[in-house]
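In: 3D, please:
(chains A and B)
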Amino acid sequence: MKERVFISGLYSGPSPSAGLGVARSLRAAFPSVRLTGVDYWAGSSGFHHEVFDATWLKPPWDLLEEDLYAKEVKAELDQGALWIPTLDLEVAWLARTLTAHPLLLAPDEQALAPSRKPRPSVARLLPFEIAPSLDLSASDEEIHAFCRAHSWRVWIKGPYHEAVPVGDWRQLEHARAWMKDGWQTDRLSLQVHVRGYEESVCLAAYDGRLCDALYMRKRITTPEGKTWAGHVGDLPAEILTPIEAAVRAIGWTGGAELELLRDVDGRLWWLEWNPRFPAWVHGATLTGRNLPAALVRRALGLPDGPRLLSPQSEFARVVLEVPVRSGLPLPLPAEPEHGALGIRGKYGASLSAIVPKLVPEESTTFAPPSISPETEADLRDTAASVATPHRLFLPRTAEAAFGRLPAVAPVEGIELRYAYSLKTSPDPQYLMLARQAGLLAECISLLEVRRALEAGWRPDEIVLNGPGKWWPPTERAVDGLRVVFCDSVEELERLAASGRTDRLWGVRLRIPGTQSRFGMPVDEPADFERLCGAVAAMPAGRDLGIHVHMASTMIGVGHWRDIAESAVAWAIAIEAGSGRRVRAIDLGGGYHPNDFAQLPFGDIVRFARERLPGLTDVYVEPGRALTQDTMAMVTSVLDVRRHDGALQEIVVDACIAELPLASVYPHRFFHIVGERLVPLPRGPVRVLGRICMEDDVLSQGLELPDTLRIGDRLVICDAGAYERSMSYAFGRGGYA
Amino acid sequence: MLSAAADTPDREEWRQVAGSTLAHHGPCCDRARAWLIAMGRSYDFSSTDGLAFAGPRWITQRWVWGPVRWPVAWCEAVKADTVDCGVFGAFALELFRAKGIEAYPGQLLRTCAEERISHWRRKWDALPTAFNWIGTRVVYHEVSVVRVGPDQAHVYDPTEGFWLEPAAQAGHHGHLAIRAEIPMPLRWGDHELVGGRWTETAPQG
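Out: The predicted structure is shown next:
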């Protein structure tokens, strides 16, 4: 065979392009073919492999003359050369730039569109589960809810490739900004993490007809998750048939890789459809299945080649040194800087240059925040008139929140008892609402106990918790409380010797596998035995309570349920180890207002009741759930800053002293325009606080009207709960 | 080809031995089992990840594999730093069953590179009461047989923390035969498992 084949994508680092593997596979099938390696960065080391007869070092994408390059590629195709691109972005550029050509072994625009992220329509034709995903054009409150619902096991994904795991809101904001900067687009998405084995389907197709396809299970991966060794096998019929149909339906030409995850329950999850051969494709060739050659044979009308898998169907990668090609010396390293060295991947330095050529110039619109009728009415009353910055209590919103306490039907006589967490918001109006709603009080100090008593709670309606609950020592340690939960074995031993007559004593547990400074560790048998010994040594006739607290706002709903069930498992273990009955389980607080009604409290009570025959009480300690969205901060614009005439930053008279958790969770912003509250979606304008602290940034970006002026008012919602109770005085010329 | 049948005449006890069970002293061992099960629930992210058959990976990370002085009781095993595959198997069985999963003791014969075996032998010789699991080229190993469907089984190796594939690879670490203490016949890939009977799994030829 005397044909010429151009193969692009020669980066051969730890996350390599497929060009070298494609070339080696073609050489194995066609010893006399003339192979030209193409890349856009002189540092792509695949240039130097002996498999290539010639090389094309094209300019980086920010300097490349696109029209000229398109003509050059077309000229080669017209002269009978084949072209196999292995860079995702180059495949997209070719599809957009060139009309389909029988020797361009890559998908055209019509084939590519159904395979694009985040929800490729071709996935509907395939028998795989689809992991839940969300466009990042959603409102921040919806994004936060999505992350909580999926226990913060989520990835931010770029428009073509790249995925970054995020575990909390700060990480998400950081990754979103970093990825937006790198890709120069807002077309990003979130995808739920799937716990599974990494597997792939590699296929070659020409004009909608499958040439060959195979299955690969990763055996060894690099720290970045890239294949380092794998097992190759035939596609099972239940996957092969739909793939043939999908390839036919979208008219695919070229190589492709479907990245999948197989979970331990046997479900196969779709991850991505990559529009080119995978970098490990030569590993499959070594096991007897040469897909690049199958593609070229089909394109040239040659009979199909052998397809027999060898009995040894595993491959592994190794690192080899090769001499540098004559006439193509290595690029000199950049002068060392303070920060990270200029590490370059598949696209050299020019990733950001190619993206604008591919992403349409349409601007992304973001969903605005929503607001309840009660909050809107509350804000209309006063937000336009108060001196700023001012934190408004929203009475209708608060009444609605306390009125919406989830009604959980008793399970065999066990009621879910709510204990209002005083520390979250100790303001009188909340204490009154909590009393009216029939809540117990949850306190973490003797000062809070005094406040609860003054508000009307009886001692036997108070749950006492926390590592410093007996502080201050000058305060009377009121006896006869409903439950006292100890934070250490030492505290439990002191309590047992105290002669107190509280209705119940309990222990707070540090659940293994979670990060917490609170409670008693139980992940060593010796610690567990010591705890059981201390419980067993309590005065005769005393039962026990178990307390756990991991805020569902932070860890998400599924993980919260795991922690709650884990608390029951530990209660069973402590009963077995101490001989004492567990009478109460306390599930703590930290619930997001929007999650509170959705959490499966009834299921947990039922789960506990079935396993703990002595159980009589289950407690929940809402504070944040009832109060976070019942206050709002009204703030005025102090400064409006522009760049090239466009709004870039504003400074407001509120700051992180009033909103210490501004960066911890998303807040809803509104602009007061006359009588109206105009919701502000995410956008390009940063909102800076008034004080001289680098981290005093109240929003990383809002869509603000160009007409915004100094003195305009904004409302920042979700400013209750810890935003209120942890706020402090700063920059006011004195102390609070 | 290595054959379990050919390589094990000097290890007849492997063919007769049942899956390892830990001794139970009384309340101290009740406490140890309760602790293990509670630890298992804490590390089992079944609601978080939505998986029914996740293996107890945490035990593989917590205990180091090595020789154990048999017999060993629950209260001793949980406090040990080092446990062998029999203890790992007993732990995994307890944890699977606590989750409501049908799991049974399983035993494997598998090949092992001879250059490794000399090291295992030295390590185990230092503890005379440890179980002698080391042959010339074939070794004995304990696993968990998990029923995942009416007649389907998966096999979990708690020592290494992975699910075995029924199609055995020839050579080092490939399995040659399996025995499951199951009350009903189950299929593991192409292999038919019958309670108490060794099934050859090695590739033929």
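In: what sits against residue A:292?
Out: Residues in contact with residue A:292 (Cβ atoms under 8 Å, 6 or more residues apart in numbering or on different chains) are A:21-22, A:25-26, A:29, A:84, A:204, A:255, A:277, A:281, A:285. All C-beta atoms are positioned from the backbone trio N, CA, C, and that covers glycine.
In: let's see 7 Å
Out: A:22, A:25-26, A:84, A:204, A:255, A:277, A:281 (Cβ atoms under 7 Å, 6 or more residues apart in numbering or on different chains).
In: For the most centrally placed residue in chain A, report the pLDDT, please.
Out: When Cα atoms, centre = their mean is applied to chain A, the residue found nearest the centroid is residue A:154 (3.1 Å). The predicted structure scores residue A:154 at 97 on the pLDDT scale.
In: returning to that earlier point: select from the contacts of residue A:292 the one having the most neighbours.
Out: If you count neighbours using other Cβ atoms under 10 Å in any protein chain shown, the busiest of these is residue A:22, which has 34 neighbours.
In: how about whichever strand or helix holds that one: buried residues?
Out: Per DSSP states H and E: residue A:22 is located in helix A:19-29. Buried residues in helix A:19-29, counted by 16 or more other Cβ atoms under 10 Å in any protein chain shown: A:19-27, A:29.
In: Tell me, how many residues neighbour residue 86?
Out: You didn't say which chain, so I picked chain A. The burial count for residue A:86: 32, using other Cβ under 10 Å.
In: meant chain B actually
Out: 26.
In: Using CSV, please lay out the buried residues of helix A:19-29 together with pLDDT and distance to chain B.
Out: As requested, the buried residues of helix A:19-29 are exported to CSV (pLDDT from 0 to 100; distance: Cβ to the nearest Cβ, whole Å):
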residue, pLDDT, distance to chain B
A:19, 98, 31
A:20, 98, 27
A:21, 98, 24
A:22, 98, 28
A:23, 98, 30
A:24, 98, 25
A:25, 98, 24
A:26, 98, 29
A:27, 98, 29
A:29, 97, 27
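In: Please identify the buried residues of stretch A:683-696?
Out: A:683, A:685-690, A:696.
In: which other helices and strands contact the top strand by length along chain B?
Out: When chain B is parsed with DSSP state E, its longest strand is strand B:138-149. Under the contact definition 3 or more Cβ pairs under 7 Å, 6 or more residues apart in numbering or on different chains; DSSP states H and E, strand B:138-149 sits against helix B:85-98, strand B:103-111, strand B:152-157.
In: and chain B, which residues reach chain A?
Out: Contact residues, chain B versus chain A (Cβ under 7 Å from any Cβ of the partner chain): B:30-32, B:34-35, B:37-39, B:41-43, B:45-49, B:51-55, B:78-79, B:163.
In: so where's the chain uncertain?
Out: Picked chain A for this. Applying pLDDT under 70 to chain A picks out residues A:1, A:339-345, A:347-353, A:359-362, A:736.
In: um, chain B though
Out: B:1-10, B:204-205.
In: which stretches of it form strands?
Out: Under DSSP E, chain B gives strands at B:64-65, B:82-83, B:103-111, B:138-149, B:152-157, B:162-164, B:175-180, B:186-188, B:191-193, B:198-200.
In: Let's have those in a markdown table, adding mean neighbour count.
Out: Shown next, in a markdown table, are these (neighbours: other Cβ atoms under 10 Å in any protein chain shown):
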| stretch | mean neighbour count |
| --- | --- |
| strand B:64-65 | 12 |
| strand B:82-83 | 20 |
| strand B:103-111 | 24 |
| strand B:138-149 | 22 |
| strand B:152-157 | 22 |
| strand B:162-164 | 18 |
| strand B:175-180 | 25 |
| strand B:186-188 | 20 |
| strand B:191-193 | 19 |
| strand B:198-200 | 16 |
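In: Out of those strands, which gets nearest to residue A:181?
Out: strand B:162-164 (39.5 Å; Cβ to Cβ).
In: got a list of contacts for the closest one?
Out: Taking Cβ under 7 Å, 6+ apart as the rule, strand B:162-164 contacts A:264, B:55, B:143, B:154-157, B:175.
In: same thing but at 10 Å, please
Out: Residues from elsewhere that reach strand B:162-164 (Cβ atoms under 10 Å, 6 or more residues apart in numbering or on different chains): A:197, A:264, B:53, B:55, B:57, B:60, B:106, B:108, B:110, B:141, B:143-144, B:146, B:154-157, B:173, B:175, B:178, B:188-189, B:201.
In: Name all residues that make contact with the closest residue in space to residue A:266 that isn't next to it in sequence.
Out: Among residues not flanking residue A:266 along the chain, residue B:148 sits closest, at 7.5 Å (Cβ to Cβ, 6 or more residues apart in numbering or on different chains). Going by Cβ under 10 Å, 6+ apart, residue B:148 touches A:264-266, B:52-53, B:101-102, B:154, B:186, B:188.
In: And the furthest pair within those residues?
Out: B:52 and B:188 (18.1 Å).
In: I appreciate the help and will end here.
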